[in-house]
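Enquirer: Sequence and predicted structure below; questions after.
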Amino acid sequence: MSSDEFHPELAEYVPNDRPLRGPRYGRTLRIVVIVAVLALIVPGAAGTILTQARTAEFTCASIVERAAGEYTGVVKFELGSEGPGWYCYAEGFDGRQGLYAALGLIPYARTR
């Protein structure tokens with residue numbers, strides 16, 4: 001018998017059917033992993049959404065002010081006719097709103 005086939009540390013090993021760790025450890029580990037993944041994803045998603053909202057507000061305010069000075073720009077995220085995205089509405093002093101521009105899902109700071 002070669003030395004590769006005989007392992008003295010396993011000579012008296014008797015396998016059993018019980019798991020290496022208990023169910024409480026598995027549940028705890030699962031919760032820790034879920035919290036860690038959420039801690040990685042949520043701040044990035046929140047930052048992206050806030051940046052999109054600020055960009056949409058800036059773009060809407062600038063294009064409405066340039067085209068129709070007496071109106072103010074109001075931004076909403078909707079599932080509109082051009083698909084989901086940010087929509088710019090021009091709001092008059094009387095509170096009526098009219099769709100002015102569709103800014104898209106990821107708005108960019110255009111001023112025309």
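Expert: Nice, thanks for sending it over. Residues are numbered from 1 along each chain as shown.
Enquirer: so residue 55 touches residue 88, yeah?
Expert: No. Counting by CB atoms under 8 Å, residue 55 stays clear of residue 88, with 11.5 Å between them. C-betas here are computed from N, CA, C, even on glycine.
Enquirer: Name the residue in these two with the higher neighbour count.
Expert: More neighbours surround residue 88 than the other of residue 55 and residue 88, with 21 against 18 (other CB atoms under 10 Å).
Enquirer: Give me the below-cutoff pLDDT ranges for the protein.
Expert: Residues of the chain meeting the criterion pLDDT under 70: 1-4, 110-112.
Enquirer: For it, which segments count as strands?
Expert: Here the chain has its strands, by DSSP state E, at 72-80, 83-91, 97-104.
Enquirer: Just name the most buried of the ones you listed.
Expert: Of all the strands of the chain, strand 83-91 has the most neighbours on average by mean count of other CB atoms under 10 Å, namely a mean of 18.
Enquirer: neighbouring contacts of it?
Expert: Applying CB atoms under 8 Å, 6 or more residues apart in numbering, the contact partners of strand 83-91 are 52-53, 56, 59-60, 63-64, 68, 71-78, 80, 97-105, 107.
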